[in-house]
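# The following block contains a protein sequence and its predicted model.
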Amino acid sequence: MAISPDKFDQFAQMADRLPGMGRDPAAVRVRIEAMEKLLERMFVIPGINRPVGLDVVLNLVPVAGDLVATALGAWIVWEARNLGMSKWQLARMAGNVGVDTLLGAVPFVGAIPDFFFRSNSRNLKIIRRHLDRHHPSTATIDVPVARR
């Protein structure tokens with residue numbers, strides 16, 4: 001059963017009204033920043049105050065964890081492609097995901113380099129630079145959180 005074009009248009013309009021679900025650069029920025037936070041800065045390790053995310057945790061699961069982490073990193077690159085970023089930027093981002101995948105390929109030990117090489121944070125930095133230059137209205141102000 002195929003979806004009629006009218007139903008698809010209705011769904012697209014409804015999705016555009018939900019926060020962070022549209023196709024506009026601001027909505028894409030919200031989604032990518034949320035994914036980067038999930039993958040790289042989900043919680044802080046007590047004692048060393050170093051943020052860790054799902055990317056490091058997934059590397060503790062041999063093979064399947066690496067595949068999931070790579071797929072989530074590739075999704076960020078796919079969203080960047082939808083923003084119209086240059087092939088050079090996309091190649092750099094894909095390279096970051098590839099290096100992350102290779103570093104994480106060693107079971108259990110692969111989580112250690114992933115702790116230091118944060119491909120998704122690097123890719124977010126590339127995307128933010130692009131958005132700030134080509135879509136300045138999407139810029140957000142990061143307010144530092146006071147530590148106790």
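In hand now; what should we look at?

# how about the strands in the chain?
Ranges of strands in the chain, per DSSP state E, are 43-45, 50-52.

# Determine which of those approaches residue 28 most closely.
strand 50-52 (23.1 Å; Cβ to Cβ). Where you see a C-beta, it was placed from the backbone N, CA and C, and this is true even at glycine.

# List the buried residues of that closest one.
Neighbour-count burial for strand 50-52 flags residue 52 (criterion: 16 or more other Cβ atoms under 10 Å).

# Sheet-wise, list the partners of that strand with their directions.
strand 43-45 (antiparallel) (DSSP bridges).

# how far out from the middle of the chain is the strand it pairs with?
18 Å (Cα atoms, centre = their mean, to the nearest Å).

# That one - what's its average pLDDT?
Taken as a whole, strand 43-45 has an average pLDDT of 89.

# still on that earlier bit, reformat the strands of the chain into TSV and put distance to residue 125 next to each item.
Converted to TSV, the strands of the chain look like this (distance: least, Cβ to Cβ, whole Å):
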stretch	distance to residue 125
strand 43-45	20
strand 50-52	15
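
# how about those, which one is nearest residue 138?
Among these, if distance is taken as Cβ to Cβ, the winner is strand 50-52, at 23.8 Å.

# Contacts for that closest one, please.
40-45, 115 (Cβ atoms under 8 Å, 6 or more residues apart in numbering).

# please redo it, this time with the cut-off set to 10 Å
37, 40-45, 56, 111, 114-116, 118, 121 (Cβ atoms under 10 Å, 6 or more residues apart in numbering).

# For the buried ones among the residues you listed, write the corresponding PyMOL selection.
Buried subset of the contacts of strand 50-52, written as a PyMOL selection, criterion 16+ other Cβ under 10 Å:
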select buried, resi 37+40+41+56+111+114+118+121
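
# give me the low-pLDDT residue ranges for the chain?
For the chain, the stretches with pLDDT under 70 are 1-5, 7-8, 11-12, 14-20, 140-148.
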